[in-house]
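A.B. asks: My questions are about this predicted structure, shown below with the sequence.
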Amino acid sequence: MAKTVNCVVLGKPAEGLERSPYPGELGQRILENVSQEGWQQWMKHQTILINENQLSLFKPEARKFLEQEMVKFFFEGGAQLPEEFVTPPKEGS
């Protein structure tokens, strides 16, 4: 049976993650406070950050940047898309 968490992203109870998606204390905090849907929203946001900033995940500074953005996204309410990012039009529009 899936557990329910009070998701900090959705602002309501939702189905929680099955296991920690990230190592350490931050991963545990995410496991306890982020739903599956909230995590998927982060994954989309992270992909935009990686692409728009041309990040190489082999570089420690890129991983540190993403971790800082993850904390902002989930717990500080300060995550922003890069200024240059333009939301693509929906198909059929």
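C.D. replies: Structure's in. What do you need? Numbering: from 1, shown residues only.

A.B. asks: what sits against the spatially most central residue of the chain?
C.D. replies: Against the mean C-alpha coordinate of the chain, by CA atoms, centre = their mean, the closest residue is W42 at 2.2 Å. Under the criterion of CB atoms under 8 Å, 6 or more residues apart in numbering, the contact list for W42 reads V9, V34, M70, F73, F74. Backbone N, C-alpha and C define where each C-beta goes, glycine included.

A.B. asks: Please enumerate the strands of the protein.
C.D. replies: Secondary structure of the chain (DSSP state E): strands at 4-7, 12-15.

A.B. asks: closest one to I50 among these?
C.D. replies: Set against I50 and scored by CB to CB, the strands of the chain come closest in strand 4-7, at 23.3 Å.

A.B. asks: Sheet partners, orientation included, of the closest one?
C.D. replies: Applying DSSP bridges, strand 4-7 is found paired with strand 12-15 (antiparallel).

A.B. asks: Dump the partner strand to CSV, restricted to CA.
C.D. replies: C-alpha atoms of strand 12-15 as CSV (Å, rounded to 0.1, in the frame of the first residue of the first chain):
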residue,chain,number,x,y,z
LYS,A,12,-2.2,18.7,-0.3
PRO,A,13,-2.0,15.1,0.6
ALA,A,14,-0.9,12.8,-2.2
GLU,A,15,0.8,9.5,-2.9
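
A.B. asks: Could you measure from Q68 over to L17?
C.D. replies: Using CB to CB, to the nearest Å, one obtains 21 Å as the distance from Q68 to L17.

A.B. asks: just the helices in the protein please.
C.D. replies: In the chain, the helices defined using DSSP state H lie at 24-33, 36-52, 60-71.
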